[in-house]
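In: got a structure for you, letters missing:
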């Protein structure tokens, strides 16, 4: 950064090697740069020095002769340090001797054996005879929690676990208790640990005091094969080491300093690895024989699929449809799209983007020319202010959430949170706006109005773009009443937040699924772009506006054009030049008109206008609201071909099912929400005859007499990168951290911006509150689950089965509903019985249920909204997440455990 | 011991504890002050109040519990009306404090650190009170008993018992 003040450089000498380091560098950091090892238990590069373990003590000989702790001592100019002097080694040895008086030395049965710092340092620096009397601890191992075991006998009390839980994860689930010899680390009150189970405490534990229940006794570190790969659970795209023993997964470990998370992982990343070797995995292709799906050969399955697709295509190319999923690789998505649009010639290509961030992604693309986030996680870490709107970031994208938490830690609570739930991040933030569920549009309008009315518009923006500013102002003539009434917020609260946001220099907006996934999601996102535009956030480096994506490769779907309104490269279908380019690259003619959205496709299937479909890597029947309706549509097809890892609810409707490989069994790339393209690698044995998706689509193209042949996934990516250049470079965020380019911004202000303005600020009709169904039931995200793969994980299901209805505690008491009670939830579409639990995050008048639950009855309470034409010329449809419902203690039996 | 469990099972009124915690919300490093004030009010710190205290102060429960268990000045179960502290530090030890402690144990019929069934006395050996010139030294609540003998301490305990008995009779 150009504005950064220049830091003075000092000259220091360590073990005779002279080097120059910036002032403020600590001894341990300088030593590491020189490749000199200084042992440490408690020091961690991402945390402030704790200086608890004392093992890093080194001898300073100049300017004074004294022992200093290398982790916490800042170097002085001319300082000379010896990390291997007799005195240093003696102190180090004494430290180890003292630790070993207490350590149980149960290395043969300790999971840490082989990668334990105490073990390694003892070998390297320890003494042969311990001069001190041994005094072993005898605490029983605490194995009460579902995921993490605590063995306090092995603990060296360095406190790194407590520090990472408090400072980085900001959960503070564990702490020390007692004092001196009997000090232990654990959950407070002597209770079993019941936290997020991010597992970060285990990662920083230098010894075997905190270990994974799931990996216990499954491996010895030296037997493992390590593969650096990309997590498959959410849009963060964390990098980690997938470890295997003889082709079977043993565990997942983070890699310090690498990838978007910089070495942090969440519960899904750490413990969500049980789906790959689940016995329910499909091992052979299946074909329908009457009402049964029977195993068959690839040849037969491919022939049957090709025949069915060709039959439908004979009636017209638009009688075929394709739906892709966000857990496919970029290469799979590209080939799948090409198969649908080129080989089958159909315009009907959509994807799980439709029930994800499609609105956010397309608005960002049209307005800012950015596919994905404008800002990187690093921008978030450095932001002066972050406004979260309808975004439960710690649940939806936990590692992006850690970047937000880092901003909270660094600045004086710069995070402003507007949500319909009292989220975890809201409790940590500076300002809290709790609005009524489903009123995001009104809230955002209020924020924009406050910026305009209170004179908070950036001076440069006002001077340069007066026409655009006036166009927004004209839409905001209404009173605050129309905002206060539906949201339940006061003008003063909204103005205060707008003021804080507008006054920050690097101000970042994060919009979550409650914004982009709502009925007026597109308008809501456009209003947030307006907010960023008016406050200067679009043009200030490090500031900006962003829509969060949920699935790990949702952005890959957008970049490769897996939606009717998009083309590879993330460009719009309406862009004739782009269409011509694609047609030329594929040597085909693309249909003139954009195809149907997923909801319209389902409608068309029911009406017999679409007769065959390909669905890959997504389970619309099993995981979306109103799945029963979707199943009806799919059953009306003449031929449904599904490619997946499991016999999902969607696959059960299929005529042909292809077993495909998981991310751990093939090569390819995913694109994270920042636009980083990151690799995955084959790391473990694939089940049965399953094939990588790329191979499957290539096989199917051949069976359709239109060969698309590639030697490897890398070759597919190379071809895709010609249309989507974003895929060419690996590992770097692809947004606009430096600000949106002026030509792009001006093109938007003169084009789409004004065209869509007339409807943008209209408030949607509110949910019919006159009904007896007077709760708002919201289907939302849960930290422990994302998409359908997580629910095939026995590990994650054990931690949280995603099957509980959350209700406000006070309201629960009022209705006589206790934790664990079975309750009946009724909406206009039916009713379902489910277990309830009180949660203070849920506001009165609201019910929360996990969107990814396997409980179909609950999901079917929420309606599908089809083909809404809410925003003028752009056809838009989406799945609603909110419905009105009634809840009552169930007549059916009593409490369940 | 039964008296102790009974009183622990009694549902305590946390109104004052809530007031104490609320009055310190937002202040710097409130945990120890709040714990001390609650102990002054209730004679001990009821563990079941800690989650509510964490909510009010917006301080993690793990930190409160850490502080509570770190300091031996905090008690998590009810204590006697009179806390008899017998110094067993070096100077007092040399002057025969061991005998005083033993005498107190038989006199009160409790072990070290325990409370009598009538909740009248808690016997507590302490490391050093800091007035070694007065050894052997004891404290009964805040009152100092300097250069005592086992017999003198027994007398003091008897005196308290009598006084308490008459107070009860008067009532």
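Out: Looks like it arrived, so ask away. Source: prediction; values computed, not measured.
In: got the contact list for residue 75?
Out: I went with chain A, as the question did not name one. By Cβ atoms under 8 Å, 6 or more residues apart in numbering or on different chains, residue A:75 lies in contact with A:10, A:12, A:21, A:25, A:26, A:27, A:30, A:81. For every residue, glycine as well, the C-beta is placed using N, CA and C.
In: I was thinking of chain B, sorry if that wasn't clear
Out: Contacts of residue B:75 by Cβ under 8 Å, 6+ apart are B:39, B:43, B:44, B:45.
In: pLDDT wise, what is the closest residue to the second one other than its chain neighbours at?
Out: Once its chain neighbours are removed from consideration, residue B:43 has its nearest residue in residue B:79; the separation is 5.5 Å (Cβ to Cβ, 6 or more residues apart in numbering or on different chains). In this model, residue B:79 is scored at 90, pLDDT.
In: quick one: residue B:79 and residue B:115 touch, right?
Out: Yes - counting by Cβ atoms under 8 Å, residue B:79 does reach residue B:115; the two are 5.7 Å apart.
In: Report the set of residues contacting both of those two.
Out: residue B:122.
In: Which one's more surrounded, these two?
Out: residue B:115 (24 against 19; other Cβ atoms under 10 Å in any protein chain shown).
In: Bridged to the more buried one, which residues?
Out: Beta-bridge partners of residue B:115, counted by DSSP bridges, are residue B:122.
In: in the stretch 351-500 of chain A, which spans are helices?
Out: Here the stretch 351-500 of chain A has its helices, by DSSP state H, counting those that start in this stretch, at A:358-368, A:377-382, A:393-396, A:398-410, A:424-428, A:440-453, A:459-464, A:466-475, A:481-487, A:491-503.
In: Tabulate those (TSV), appending distance to residue A:811.
Out: Putting these into TSV (distance: least, Cβ to Cβ, whole Å) gives the following:
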stretch	distance to residue A:811
helix A:358-368	31
helix A:377-382	34
helix A:393-396	21
helix A:398-410	27
helix A:424-428	19
helix A:440-453	22
helix A:459-464	44
helix A:466-475	37
helix A:481-487	20
helix A:491-503	23
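In: count of neighbours near the nearest residue to residue A:506 once chain neighbours are set aside?
Out: Nearest non-adjacent residue to residue A:506, counting by Cβ to Cβ, 6+ apart: residue A:542, 4.0 Å away. Using other Cβ under 10 Å, residue A:542 has 21 neighbouring residues.
In: tell me the SS of residue A:542?
Out: coil (DSSP: H, G, I helix; E, B strand; the rest coil).
In: I figured it hits residue A:381, correct?
Out: No - here residue A:542 does not reach residue A:381: they are 10.2 Å apart, not a contact under Cβ under 8 Å.
In: In terms of helices and strands, where is residue B:156?
Out: Residue B:156 is part of helix B:150-170, with elements assigned from DSSP states H and E.
In: Revised request: answer the last question for residue A:288.
Out: strand A:286-289.
In: same for that strand, what does it pack against?
Out: strand A:292-295, helix A:298-314, strand A:656-659 (3 or more Cβ pairs under 8 Å, 6 or more residues apart in numbering or on different chains; DSSP states H and E).
In: Relative to residue B:73, tell me which of these wins on proximity.
Out: Nearest of the helices and strands packed on strand A:286-289 to residue B:73, taken as Cβ to Cβ: strand A:656-659 at 65.3 Å.
In: Quick check: residue A:10 is in a strand.
Out: Yes - per three-state DSSP, residue A:10 lies within a strand segment.
In: For residue A:276, give me its contacts.
Out: A:249, A:662, A:664, A:665, A:684.
In: Against residue A:682, how distant is the second one?
Out: The reference is to residue A:662. Note on residue A:662: its distance to residue A:682, by Cβ to Cβ, to the nearest Å, is 10 Å.
In: between those two, who's got more neighbours?
Out: Using other Cβ under 10 Å, the more surrounded residue of residue A:662 and residue A:682 is residue A:662, with 23 against 17.
In: quick one: what helix or strand has the closest residue to that one other than its chain neighbours in it?
Out: Leaving out its chain neighbours, the residue that sits closest to residue A:662 by Cβ to Cβ, 6+ apart is residue A:276, at 4.9 Å. Assessed by DSSP H and E, residue A:276 sits outside every helix and strand.
In: correct me, but residue A:203 touches residue A:253?
Out: Yes - with contact defined as Cβ under 8 Å, residue A:203 reaches residue A:253; the gap is 7.1 Å.
In: coming back round to it: now find how far off-centre the helix holding residue B:156 is within its chain.
Out: Helix B:150-170 sits 19 Å away from the centroid of its parent chain (Cα atoms, centre = their mean, to the nearest Å).
In: residue boundaries of the helices in chain B?
Out: B:2-9, B:15-23, B:31-42, B:50-57, B:61-70, B:90-94, B:97-108, B:150-170 (DSSP state H).
In: I'd like the average pLDDT over the fifth one.
Out: Meaning helix B:61-70. The average pLDDT within helix B:61-70 is 96.
In: isn't residue A:675 right up against residue A:374?
Out: No - with contact defined as Cβ under 8 Å, residue A:675 does not count as touching residue A:374 (9.6 Å).
In: distance of the residue in chain B sticking out farthest from the centre from residue B:58?
Out: Within chain B, the residue lying farthest from the chain centre (Cα atoms, centre = their mean) is residue B:26, at 28.7 Å. Applying Cβ to Cβ, the value for residue B:26 to residue B:58 is 8 Å.
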